[in-house]
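[1] Give me coordinates for this.
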Amino acid sequence: MFDGLRAIAAISVLVGHTLFGANFYEWHGFMDSIVANLDVGVSIFFVISGFLLYRPFLAAEARDADGPATGR
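    Residues are numbered from 1 along each chain as shown. Prediction:
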């Protein structure tokens, strides 16, 4: 579920940057605010990524076990 949300956030960033680079704002003034808000995907992507990366450490702490290996 979270990987799908992270993918949607990444796609929104990609589409937002592509449309900005193509000067889409000048072509379609009514969609200006919609396209401008696609950059919120950056924040959503990093929040979800941080959660997914920290989840194994949190689960190990809850089980009172050793955390995941971080070395080679």
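
[2] low-scoring pLDDT stretches of the protein, where are they?
    24-30 (pLDDT under 70).

[3] From the centre of it, point out the most distant residue.
    residue 64 (30.1 Å; CA atoms, centre = their mean).

[4] so what's it up against?
    Listed by CB atoms under 8 Å, 6 or more residues apart in numbering, the contact set of residue 64 is empty. Yep, even glycine has a C-beta here, placed from its N, CA and C like the rest.

[5] how much space between residue 33 and residue 39?
    Separation of residue 33 from residue 39 (CB to CB, to the nearest Å) stands at 12 Å.

[6] Have a look at the two and say which one is more surrounded.
    Neighbour totals were compared for residue 33 and residue 39, and residue 39 leads with 13 against 9 (other CB atoms under 10 Å).

[7] Excluding covalently adjacent residues, which one is nearest to that one?
    Nearest residue to residue 39 in three dimensions, chain neighbours excluded: residue 16, at 5.3 Å (CB to CB, 6 or more residues apart in numbering).

[8] Report how many residues lie close to that neighbour.
    Neighbour count for residue 16, taken as other CB under 10 Å: 20.

[9] That one against residue 31, yeah?
    No: Residue 16 lies out of contact with residue 31 (CB atoms under 8 Å); the separation is 11.5 Å.

[10] Going by contacts, tell me the helices and strands next to the top helix by length along the chain.
    Determined from DSSP state H, the single longest helix within the chain is helix 40-62. Helices and strands touching helix 40-62, as assessed by 3 or more CB pairs under 8 Å, 6 or more residues apart in numbering; DSSP states H and E, comprise helix 2-21.

[11] So which residue is dead centre in this structure?
    residue 45 (1.2 Å).

[12] That residue contacts residue 11, doesn't it?
    No: Residue 45 is beyond contact range of residue 11, at 9.8 Å (criterion: CB under 8 Å).

[13] Go ahead and produce CSV holding the CA coordinates of the longest helix of the chain.
    Output in CSV follows, covering the C-alpha atoms of helix 40-62 (Å, rounded to 0.1, in the frame of the first residue of the first chain):
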residue,chain,number,x,y,z
VAL,A,40,3.6,18.4,-2.7
GLY,A,41,4.6,15.0,-4.0
VAL,A,42,8.2,15.6,-2.9
SER,A,43,7.2,16.0,0.8
ILE,A,44,4.8,13.0,0.6
PHE,A,45,7.5,10.9,-1.1
PHE,A,46,10.1,11.6,1.6
VAL,A,47,7.7,11.1,4.5
ILE,A,48,6.6,7.7,3.2
SER,A,49,10.2,6.7,2.4
GLY,A,50,11.3,7.6,5.9
PHE,A,51,8.5,5.6,7.4
LEU,A,52,9.3,2.6,5.2
LEU,A,53,13.0,2.8,6.1
TYR,A,54,12.5,3.1,9.8
ARG,A,55,9.7,0.5,10.1
PRO,A,56,12.1,-2.5,10.6
PHE,A,57,14.0,-0.7,13.3
LEU,A,58,10.8,0.2,15.1
ALA,A,59,9.5,-3.4,14.8
ALA,A,60,12.7,-4.8,16.3
GLU,A,61,12.5,-2.3,19.2
ALA,A,62,8.9,-3.4,19.9
